[in-house]
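[1] Got a predicted structure here, sequence first:
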Amino acid sequence: MQMASSLRGEVLNLYKNLLYLGRDYPKGADYFKRRLKSVFLKNKDVKDPEKIKELIEQGKFVMKELEALYFLKKYRAMKQRYYSDTNKTN
């Protein structure tokens, strides 16, 4: 039972972290929230600890992808802001 409750905590943390990251999602926070909820609900009946761990890893991968997306978006915005004047003179 201890295993299941620790995995439950991990799943809840993952959900909260993804929900937090979804605030800046390009298609909007509401869209992201709906998709996130449907994915988690789809897997709510999974009982196998190995399968749960696998799903948690998939979720962590999505978190890394979102962080990379936001970093790239921020980088492009900064690059555009700081280098747009130089490109116009050439």
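    Thanks, I have the structure now.

[2] Please spell out the segments of the chain that come in under the pLDDT threshold.
    Within the chain, the segments meeting pLDDT under 70 span 1-4, 84-90.

[3] repeat that with 50
    1, 89-90 (pLDDT under 50).

[4] dump the residue contacts of Asn43.
    Leu55 (C-beta atoms under 8 Å, 6 or more residues apart in numbering). Where C-beta positions appear, they are placed from N, C-alpha and C, glycine not excepted.

[5] Distance check, it against Lys51.
    Using C-beta to C-beta, to the nearest Å, Asn43 is found at 8 Å from Lys51.

[6] tell me the contacts of the residue most central in space within the chain?
    With distances taken as C-alpha atoms, centre = their mean, the residue of the chain nearest its centroid is Met63 (3.5 Å). In this structure, Met63 makes contact with 14, 17-18, 21, judged by C-beta under 8 Å, 6+ apart.

[7] Show me what the host helix or strand of Gly9 is in contact with.
    Secondary structure assigned from DSSP states H and E places Gly9 in helix 2-21. Here helix 2-21 makes contact (C-beta under 8 Å, 6+ apart) with 33, 36, 40, 49, 52-53, 55-56, 59-60, 62-63, 66-67, 70.

[8] Let's see that with 6 Å instead.
    Contact partners of helix 2-21, identified using C-beta atoms under 6 Å, 6 or more residues apart in numbering, comprise 36, 40, 49, 52, 56, 59, 66.
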